[in-house]
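> What would the 3D arrangement of this be:
(chains A, B and C, ligands or ions: 2)
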Amino acid sequence: MRRNLKRIVYGAFFALVLLLPLLSRNEYVLFVMNKALLNIIVVSGLVFLTGFAGQISLGQVGFVAIGAYTSALVTTRLGMPIPIGIVAAIALSAIVGLLVAIPSFKLKAFFLSLVTIAFGQIIYLLIVNLTAVTGGSQGLFNIPPMKLGGTPFTNTLYYYLFLVLIALVGVLMYRLKYSYIGRQMFAVNDDDVAAEACAINSKKTKVFAFALSAGLAGLSGALTAHMVGFLTPDPFTFFDSANFVAMAVVGGLRQLSGGIVGGLVLTWLPELLRLNISGFENYYLLVNSVIVMLVIVFLPSGLGASLFKGLSRLWREKQGAVTLRNSRSKEGE
Amino acid sequence: MANILETKALTKRFGGIVANRGINLAIEQGKTTGLIGPNGSGKSTFINQISGMFPPTSGSILFEGEEISRKPACEIASMGIARTFQRIQLFGHLNVVENVLVSRCKFMRASALDIALGTARVRHEEKAQFDKAMEFLGIVGLDGDAWKLPSNLPYGKRRALEIARALALEPLLLLLDEPAAGMTKEEFVEILRIMEILKERKITMLLVEHTMEFIRKAVDRVYVLNFGEVIAQGSFEEIERNKAVISAYLGDENE
Amino acid sequence: MVLSDLLQNIIGGVTVGATYGLIGLGVVFLWQSIERINFANISSAMLAAYLFYTFYTQLHLGFLVAFVVSIAIIAAYGLALRHLVLEPINRHGGDKLEFVVATLMLCTFWLSVVKVLYGGIAKPFPPVFGEATSFVQIGSISIPSVYFWIFFVVLVLVLVLYVLLQRTMIGKMFRATAQNKEMASLVGINVGMTTSLAFMLSTSIVGIAGILLAPIYFVSLDLGGGPIGVKGFAAAVMGGLIDPLGTILGGLSIGLIENFSTLFISSAYKDVISFVVLVVVLVWKPRGIFNWTTKGD
Ligand SMILES: Nc1ncnc2c1ncn2[C@@H]1O[C@H](COP(=O)(O)OP(=O)(O)OP(=O)(O)O)[C@@H](O)[C@H]1O
Ligand SMILES: [Mg+2]
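Ligands and ions are numbered 1, 2, ... in the order given. Modelled structure (predicted):
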């Protein structure tokens, strides 16, 4: 009975996700949904970096920007096909991620967050000022869209592409979390001195987490560039980085679903506010920030965690372990 | 018998304080070596240096003949030196068996790619290491608490878990920093029992302790530190009669 | 000519840098007492500038009244920050990261509040520190008269703080609490009150810095986010997040670095260079380069 309830709830959710483009013919809804999916990719990386490995990044948008501009430049200036652009974007972001990880060996919490803020700002200012390469504040135009048999992707196609990618990312994150690599992340997060005493190389662990989250941010940036078709520095400010962290915290830092919940909620919330409170152009950001603050103050483990706690109470499951699959934990119960 | 670890003129300064001064100490294979001394005499500092938490100011540490004083902590642990901490340091968000599994990471051979692809090798390895971890929990009598969070364990069991986690590294040398500190009578009996098992298993240990009863029962040879220097060494009986040791401890008490 | 350029830049750098130092002090006072960074630290500067603008230009109160009322409100805001943000987060089991994100959101919140109430367009700051065009000519160097004001106020403020921290009970309470909370409360220091004071002091000083910076940046949203805020953090980091004098010196050096990179490289990269300096200091000397309060090993 309970088992069935669980199946029904999840089944309905997945059906809704899969059929959304058929249910809503509204291009705007799909476009916002696509933005949400792109954000989910970035935020999942942050959940991994901050929630699992315990390293704060307030400059994540820097990696998104590197990915976006890399793929855009590779496809426009070099005339390479889009997949190569995307791979280059992931690779370059991940490499820069390796470098940004180095200060994390010595620095903790706030000090690290300051380094990452500075990193994000440096990337932003470079984009604005390296006019010859990035087009400066004018931006880059005519970035090729993805094509299927010669015709550009519609929003629906992008939607399904992003869903597939998120599924792949989700599987990757799931497997990493429930492996010794995930265990290393959590150990370093809880106590890096004790982790070292257990033969865990905390530097390698941090580098891995940074590179992975940077690579995901780069992927998201590259996809954005091709979907939107142009790039300006506007969406790459400090406040956008802050917003990604807010999504991760609101969604719930310590579980994989956090990225999905946070990305969906905080992409839709401002849009809904803007649409429904007419004439309130300026108010939506205000209301948005108040809501986020309230969630953070009153549900510090995140909406995702509360949601799943509620659901698992519904089907009476026990949460046994962090990095061991549930089947195993039931054996023990 | 051979010495598994030797320090030569090991010195550690913190600003003006010399926490360890020219310590020459040898740990014999298969034996339990004790390290005692008044509060602040530099015992934890010594353990921290051997396990690579602080780099020594000068001097050398030879582990199985190899110089390890400049190696990072994780490498030293990986070579076979495990430790516990004076103030228990467990992974608070991982449950009991996961805490032990953390030490088994070094035995995992699957690459990130294997994990991403979810190969059978990963599953087998995870299963095998899980069973191993449960074995180590069994040694310290914690197999019944495998799914609890450390914060839900009583103090004595947390100590035991920390020891199980150290054992799971399958170390050649185990450093224990005051394992019996702050324990109740029953917990103390339990920790003595665990020590017996470790001795039966011929695990080489360096034991820092304040409780003389514990030291008397557990160690084969004792070093005494005072103000960062070794002031005496020998069997427990020899140490007990040593004047310098008595005055170091009495002086301590008179304060 | 070259020499006067140099002097001009030194004076400009030191003056603006002094206000960065003040913003950094806001970070330092909070860090000392609660080991948290308020990422909305810089919002106090913007709020104070807008409050002053409202009281002075719109409500025609006198300079002194407008100034005191603005700063009083900002101080009360500091107290509210403690009771409406920090304490609820602690009560609900949140930690450092939650405080970080909450204050980041606070920063956006204040920006949007100001946008709603005043619109996004910068307002000219009333010429209380002399007209924008009034310069004092010394030889071949001309110094904007507002620089003298900034200098004067910073100097007075630093002296007041020095007396407060070194010569009064409050300073002792601060230092004791910063070093060890439990010990401090054992020896009878009211840790709660010290925390409140730290919040109020932090927002007020940044508020004063905001009013001083407004003639240079206008009464604008620029005062409430981004680069200026980060420079305040950079100043605080140079002082190891603990040393007040080091923080002021840190602010001065950032002001100088910024002005000289404008002179020798290009104004476009002046912010980049300040951020690079921040990263280098953090990585190379995480305890700060002007830090005489805590000794390294
Ligand atoms: N990280 C550190 N920084 C500065 N000084 C330190 C540090 N660690 C230890 N010390 C100093 O070194 C000396 C030795 O300390 P240590 O902790 O090694 O003593 P101990 O013998 O373990 O004492 P206890 O019995 O209280 O555990 C003390 O004076 C201590 O203050
Ligand atoms: Mg000790």
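> show me where chain C has helices.
Remark: helices assigned in chain C by DSSP state H are C:2-34, C:43-53, C:63-81, C:87-91, C:96-118, C:145-167, C:169-179, C:181-186, C:191-217, C:227-238, C:244-264, C:270-284.
> Identify all contacting residues around the last one.
Residues outside helix C:270-284 that contact it (CB atoms under 8 Å, 6 or more residues apart in numbering or on different chains) are A:102-103, A:106-107, A:111, A:114-115, A:118-119, A:121-122, A:125-126, A:129, C:227, C:230-231, C:233-234, C:237-238, C:254, C:257-259, C:261-262, C:265, C:288-289. In this view, the C-beta of every residue, glycine as well, is placed from N, C-alpha and C.
> still on that earlier bit, just put the helices of chain C in TSV and tack on mean neighbour count.
TSV is the format used below for these (neighbours: other CB atoms under 10 Å in any protein chain shown):
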stretch	mean neighbour count
helix C:2-34	22
helix C:43-53	27
helix C:63-81	18
helix C:87-91	16
helix C:96-118	22
helix C:145-167	16
helix C:169-179	17
helix C:181-186	14
helix C:191-217	24
helix C:227-238	28
helix C:244-264	22
helix C:270-284	19
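> quick one: which of the ones you listed is nearest A:Leu172?
Closest approach to A:Leu172 among the helices of chain C (CB to CB): helix C:96-118, 24.3 Å.
> The closest one close to chain A?
Yes. Legend: contact between helix C:96-118 and chain A by CB under 8 Å from any CB of the partner chain is shown at C:96-98, C:100-102, C:104-109, C:111-113, C:115-116.
> Could you figure out how far that helix is turned away from helix C:43-53?
20 degrees (axes from the mean of the first three to the mean of the last three CA atoms, to 10 degrees).
> and helix C:96-118, what does it pack onto?
With contacts taken as 3 or more CB pairs under 8 Å, 6 or more residues apart in numbering or on different chains; DSSP states H and E, helix C:96-118 sits against helix A:109-129, helix A:238-251, helix A:283-298, helix C:43-53, helix C:87-91.
> Would you single out the least confident of these?
Here the lowest mean pLDDT among those goes to helix A:283-298, at a mean of 84.
> Nearest residue to residue 31 in space, ignoring adjacent ones along the chain?
By default, I'm working from chain A. The spatial neighbour of A:Phe31 that comes closest, neighbours along the chain excluded (CB to CB, 6 or more residues apart in numbering or on different chains), is A:Asn155 at 5.6 Å.
> ah, no, chain B please
Per CB to CB, 6+ apart, closest to B:Lys31 is B:Asp220, 4.3 Å.
> Surely that neighbour and B:Gln29 touch.
No. Using CB atoms under 8 Å, B:Asp220 is not in contact with B:Gln29; the gap is 11.2 Å.
> B:Leu5: what secondary structure?
Under DSSP: H, G, I helix; E, B strand; the rest coil, the three-state class of B:Leu5 is strand.
> typed the wrong thing, it's B:Leu35
strand.
> For it, list the residues it contacts.
B:Leu25, B:Lys43, B:Phe46, B:Ile47, B:Leu206, B:Leu207, B:Val208, B:Val222, B:Tyr223, B:Leu225.
> Out of those, which is nearest to C:Phe39?
B:Ile47 (39.0 Å).
> Check the spacing between the closest one and B:Thr7 real quick.
In this view, B:Ile47 and B:Thr7 are 11 Å apart by CB to CB, to the nearest Å.
> before we move on, what about C:Val163?
Distance, C:Val163 to B:Thr7, using CB to CB: 52 Å.
> Can you get me the start-to-end distance on stretch B:54-68?
Length of stretch B:54-68, first residue to last, CA to CA, to the nearest Å: 12 Å.
> ditto for stretch A:187-207
Using CA to CA, the end-to-end distance of stretch A:187-207 comes to 15 Å.
> Off-centre distance for it?
Its chain's C-alpha centre and that of stretch A:187-207 lie 24 Å apart, by CA atoms, centre = their mean, to the nearest Å.
> Can you list the buried residues in it?
The neighbour-count check on stretch A:187-207 (16 or more other CB atoms under 10 Å in any protein chain shown) flags A:187-192, A:194-203, A:205-207 as buried.
> of those residues, list those near chain B.
Answer for these near chain B (CB under 8 Å from any CB): A:187, A:189-191, A:194-203.
> Which residue does chain B have closest to ligand 2?
Chain B approaches ligand 2 most closely through B:Ser44 (3.0 Å), counting by CB to the ion.
> From C:Gly250, how far out is that residue?
Using CB to CB, we find B:Ser44 at a distance of 35 Å from C:Gly250.
> B:Gly228 now?
37 Å.
> returning to that earlier point: list, out of the contacts of helix C:270-284, those positioned next to ligand 2.
With CB under 5 Å from the ion as the criterion, the contacts of helix C:270-284 include none near ligand 2.
> now the strands: where do they sit in the chain?
By default, I'm working from chain A. With DSSP state E as the criterion, chain A has strands at A:147-148, A:151-152.
> Please refer instead to chain B.
B:3-14, B:17-28, B:32-36, B:58-63, B:66-67, B:81-83, B:173-177, B:204-208, B:221-226, B:229-234.
> which intervals of the chain have sub-threshold pLDDT?
Reading this off chain A. Scanning chain A for pLDDT under 70 picks out the ranges A:1-2, A:277-282, A:315-320, A:326-333.
> wait, I meant chain C there
For chain C, the ranges with pLDDT under 70 are C:1, C:132-133, C:293-297.
> Could you tell me which residues make contact with the nearest residue to C:Ala48 once chain neighbours are set aside?
Nearest in space to C:Ala48, with sequence neighbours left out and distances taken as CB to CB, 6+ apart, is C:Gly207 at 3.3 Å. Shown in contact with C:Gly207 (CB under 8 Å, 6+ apart): C:Ser44, C:Ala45, C:Leu47, C:Ala48, C:Ser70, C:Ile71, C:Ile74, C:Ala75.
> Excluding chain neighbours, what is closest to the second one?
Nearest in space to C:Ala45, with sequence neighbours left out and distances taken as CB to CB, 6+ apart, is C:Gly210 at 2.9 Å.
> Mind putting the helices and strands packed on helix C:96-118 into TSV with distance to C:Val277?
Shown next, in TSV, are the helices and strands packed on helix C:96-118 (distance: least, CB to CB, whole Å):
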stretch	distance to C:Val277
helix A:109-129	9
helix A:238-251	17
helix A:283-298	30
helix C:43-53	21
helix C:87-91	32
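> looking at those helices, which is closest to ligand 1?
Distance to ligand 1, taken as CB to the nearest ligand atom, is lowest for helix A:109-129 among those, at 18.4 Å.
> ok, longest helix in chain B?
Counting by DSSP H, the longest helix found in chain B is helix B:120-139.
> Likewise for chain A?
Per DSSP H, chain A has its longest helix at helix A:202-228.
> ok, now how distant is B:Ile163 from A:Asp191?
Distance, B:Ile163 to A:Asp191, using CB to CB: 16 Å.
> Also C:Ala40?
C:Ala40 is 30 Å from A:Asp191, where distance means CB to CB.
> Give me the neighbour count for the residue of the stretch 1-150 of chain C at minimum distance from ligand 2.
Closest residue of the stretch 1-150 of chain C to ligand 2, CB to the ion: C:Glu35 (25.0 Å). Summarising burial for C:Glu35: neighbours were counted as other CB atoms under 10 Å in any protein chain shown, giving 14.
> With adjacent residues omitted, what lies nearest to B:Ala244?
B:Ile231 is the one closest to B:Ala244 (CB to CB, 6+ apart), at 4.8 Å.
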